[in-house]
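> no letters, just coordinates:
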Ligand code: HEM
């Protein structure tokens, strides 16, 4: 009953019978335990979740070897987890390496890149939503507000614009219910019940709290407006998908059910990630007012005489770029990435790893790795600036991971972060409230890391 490591497998602590090493990790927040294990076993080590071996990767060298050099070998996803059952092995995020994943990834990237979605560009869609964020802030001028829901709704609505060509009012039932379902699913997936589900298959049919996840996932399906659809003239990503289905009537890969899961995946993957990064960004900018001010000076100079920012303006804003990247580095929004799986017997750092082994990337370890950053343990945009003040991106910057499975929403996310931060900083000053006490920068652990809830004070800038 005591699991054994295969020959030349990455080392790790001795597992217990049945339980494996689950007692070596705090399920509430394993990040400190992983750091401790790395100190004992090196950058590539293994643990057992029940009888199943899992390999952990730390540090940029091993990460690049796995995800970039041996790319396809590490591009699978585990298929026997709670999250796979939840998604019915459809969608894009959790499906295994193979034709279904490849086709859907290609479709999503092409559609979002070429905007085969009517006349409105991605930038227009983002700016439309920023208008609503600005209105929310304007109502709070001189007062404090809690920005959590505001940023959550903004990122959710930007994805809604991409998927359905429409936004939803903050109190719309679809919006509130989707957010409730996603939050609950994320909590269960990340909690002890999903871990027990994954480790002990015999409990899967029992009426235990993980069943709630299955009820929620039924709710989150496509909000389709068939009435306005003109085949061949798609206005959004869902309509592009329906056109694709028309083009391949006999292809089982493109189906209604697959569309439901695919849209839910994009919505889920693109909401908390972007909004938690924004929340972390504004938390730091309020507490480093000299950095906020320097951003504003650069923005004022570059946007002088212009109505609004466009994504290309980033090339003239090295400091703003450095700040956004530094925000992403310290936010470390998806600390353990999405679990991977080996697609064949392979090697890593001299160890042998059999096909079908679960792989967990510790992106945290890369984002504060000593030797990779000028200031690994502080918030400092200089991490992304060279001696001439030009923007540079070190190799160890991987908030979107790397290799064939890296985030497919990177382009959209970067555009959102830039346009939202620049537009808001141009118009408002964000101030840490006098009565808020000392800021706590320690994030709350989850699939995504989020800052502890805080309030922000907003003032109209004198130059706005
Ligand atoms: C700041 C925002 C974001 C961060 C930090 C982030 C980060 C990540 C990370 C770390 C992964 C896992 C990559 C891997 O397994 O190696 C991922 C995957 C993914 N992300 Fe993002 N993401 C962000 C925004 C978005 C957005 C806006 C979308 C929606 C369009 C999106 C869609 C996806 C999808 C579909 C995958 C799965 C890709 C695949 O399995 O092939 N993400 N993201």
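Right, received. Where do you want to start? Small disclaimer: the values here were computed from a predicted structure and weren't measured. Numbering: from 1, shown residues only.
> please count neighbours and contacts with C-alpha atoms only from this point.
Fine.
> what's the distance between residue 318 and residue 306?
Separation of residue 318 from residue 306 (Cα to Cα, to the nearest Å): 19 Å.
> more neighbours, these two?
residue 318 (19 against 9; other Cα atoms under 10 Å).
> isn't the more buried one right up against residue 388?
No: in this structure, residue 318 is not within contact of residue 388 by Cα atoms under 8 Å, at 10.5 Å.
> now do the closest residue to residue 65 other than its chain neighbours against residue 70, distance only.
Spatially, and ignoring its direct neighbours in sequence, residue 65 is nearest to residue 348 (7.1 Å; Cα to Cα, 6 or more residues apart in numbering). Distance, residue 348 to residue 70, using Cα to Cα: 9 Å.
> report the buried residues of the strand or helix carrying residue 129.
For residue 129, the host element (DSSP states H and E) is helix 122-138. When burial is assessed from 16 or more other Cα atoms under 10 Å, helix 122-138 yields the following buried residues: 122, 125-130, 133-134, 137-138.
> residues making contact with that helix?
Applying Cα atoms under 8 Å, 6 or more residues apart in numbering, the contact partners of helix 122-138 are 112, 115, 150-151, 154, 157-158, 161-162, 167, 310-311, 412, 415-416, 419-420, 423-424, 458, 460.
> and the following helix or strand past that helix, what does it pack onto?
Next helix or strand after helix 122-138 toward the C-terminus (DSSP H and E): strand 144-145. Contacts defined by 3 or more Cα pairs under 8 Å, 6 or more residues apart in numbering; DSSP states H and E place strand 144-145 against strand 456-460.
> and for residue 22, the neighbour number?
That count, for residue 22 with other Cα under 10 Å as the rule, works out to 18.
> do the longest helix anywhere in the chain and the ligand meet?
Secondary structure of the chain per DSSP state H: the longest helix is helix 256-287. Yes: Helix 256-287 reaches the ligand (Cα under 6 Å from any ligand atom) through 266, 269-270, 273-274, 277.
> residues making contact with the helix or strand harbouring residue 111?
According to DSSP H and E, residue 111 maps onto helix 99-114. Residues outside helix 99-114 that contact it (Cα under 8 Å, 6+ apart) are 91-92, 95, 117, 122, 162, 237, 240, 253, 408-409, 412.
> let's see it at 6 Å
The contact list for helix 99-114 (Cα atoms under 6 Å, 6 or more residues apart in numbering) reads 92, 253.
> and the stretch 51-200 of the chain, which of its residues are near the ligand?
Listed as neighbours of the ligand in the stretch 51-200 of the chain under the rule Cα under 6 Å from any ligand atom: 92-93, 105.
> check this structure and tell me which residue is nearest its centre.
residue 273 (3.8 Å; Cα atoms, centre = their mean).
> in the helix or strand encompassing residue 426, what counts as buried?
Per DSSP H and E, residue 426 falls inside helix 410-427. Neighbour counts over helix 410-427 (16+ other Cα under 10 Å) mark 412-427 as buried.
> which of the residues you listed lies closest to the ligand?
residue 413 (4.5 Å; Cα to the nearest ligand atom).
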